[in-house]
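Undergrad: The following comprises the amino acid sequence and a computationally predicted model.
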Amino acid sequence: MLKDDLKLYLVTDRSWLGKNSLAEQVEAAIMGGVTMVQLREKELSTAEFIKLGQEIKHVCTKHKIPFIINDDLEVALALDADGIHIGQSDMAAETVRKAIGANKILGVSAVTLAQAIEAQKAGADYLGVGAVFPTGSKADADYVSYEELKKICSEVSLPCVAIGGINKQNLHKLSGSGICGIAVISAILAAKDIKKASLELAQKLEGII
């Protein structure tokens, strides 16, 4: 069920790469409890993005974890990914839905209730709502207050994932908001022990979702 898959959602970022490859990092995160993976690449060429995607898809398929591509429809289709996630400044959600078909997952970013309602009408399967806290991963990210997050979760029937600056220290502040999961980058990928960081987040989520 999609709602369960969205619980601990990892968004990749190669700027946190250490001695291990991204595929190795992703696998460690999945072993710790990550339930969905989004491959996010802004600098790679289409060919490089697809090549990296093949590696990450292999890991996700092996562990039966949904594999999502960020923003790039061409790459998502080439890889036959489980879905795609788009922002407000990317292609229209209706266009993407037509291109990927009814059986693929479509995630849409939203920072307001109006955007959330629009995404639902356009055929989104889930919403990424944030930034709920200040984040270094996206300097220009719009801030979404707890009240707005709660309003979106209660007034839209789609499952909502909170994103932006979430870590094990502030996670409890999202309790009672109605989210079905969290999306994180550095809270997992910046950790010395990725598997342990994922496990700790997964355990803390138990009392919040």
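TA: Cool, the structure landed. Residues are numbered from 1 along each chain as shown.

Undergrad: Poorly predicted segments of this protein, please.
TA: Scanning the chain with the threshold set as pLDDT under 70 gives 137-140.

Undergrad: now the strands for it?
TA: In the chain, the strands defined using DSSP state E lie at 8-11, 36-39, 67-70, 83-86, 105-110, 126-130, 160-163, 181-184.

Undergrad: so can I have a markdown table of those showing distance to residue 143?
TA: C-beta: built from backbone N, CA, C; applies to glycine. Formatted as a markdown table, the strands of the chain follow (distance: least, C-beta to C-beta, whole Å):
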| stretch | distance to residue 143 |
| --- | --- |
| strand 8-11 | 18 |
| strand 36-39 | 21 |
| strand 67-70 | 21 |
| strand 83-86 | 20 |
| strand 105-110 | 13 |
| strand 126-130 | 8 |
| strand 160-163 | 12 |
| strand 181-184 | 16 |
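
Undergrad: Columns mean neighbour count on top of the ones you listed, output as CSV?
TA: Compiled in CSV, the strands of the chain are given as follows (neighbours: other C-beta atoms under 10 Å):
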stretch, mean neighbour count
strand 8-11, 25
strand 36-39, 26
strand 67-70, 24
strand 83-86, 25
strand 105-110, 26
strand 126-130, 26
strand 160-163, 27
strand 181-184, 26
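
Undergrad: Out of these, flag the one nearest residue 56.
TA: strand 36-39 (5.1 Å; C-beta to C-beta).

Undergrad: ok, the closest one: who's next to it in the sheet?
TA: Here strand 36-39 is paired, per DSSP bridges, with strand 8-11 (parallel), strand 67-70 (parallel).

Undergrad: Alpha carbons only: can I get that strand in CSV?
TA: Only the C-alpha atoms of strand 36-39 are listed here, as CSV (Å, rounded to 0.1, in the frame of the first residue of the first chain):
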residue,chain,number,x,y,z
MET,A,36,10.9,4.4,-0.7
VAL,A,37,13.8,5.9,-2.7
GLN,A,38,13.8,9.0,-4.9
LEU,A,39,16.8,9.5,-7.2
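
Undergrad: Can you report how many residues neighbour residue 104?
TA: Residue 104 has 18 neighbouring residues, counting by other C-beta atoms under 10 Å.

Undergrad: Name the nearest residue to it, ignoring sequence neighbours.
TA: The shortest distance from residue 104 to any non-neighbouring residue, by C-beta to C-beta, 6 or more residues apart in numbering, is to residue 83 (5.0 Å).
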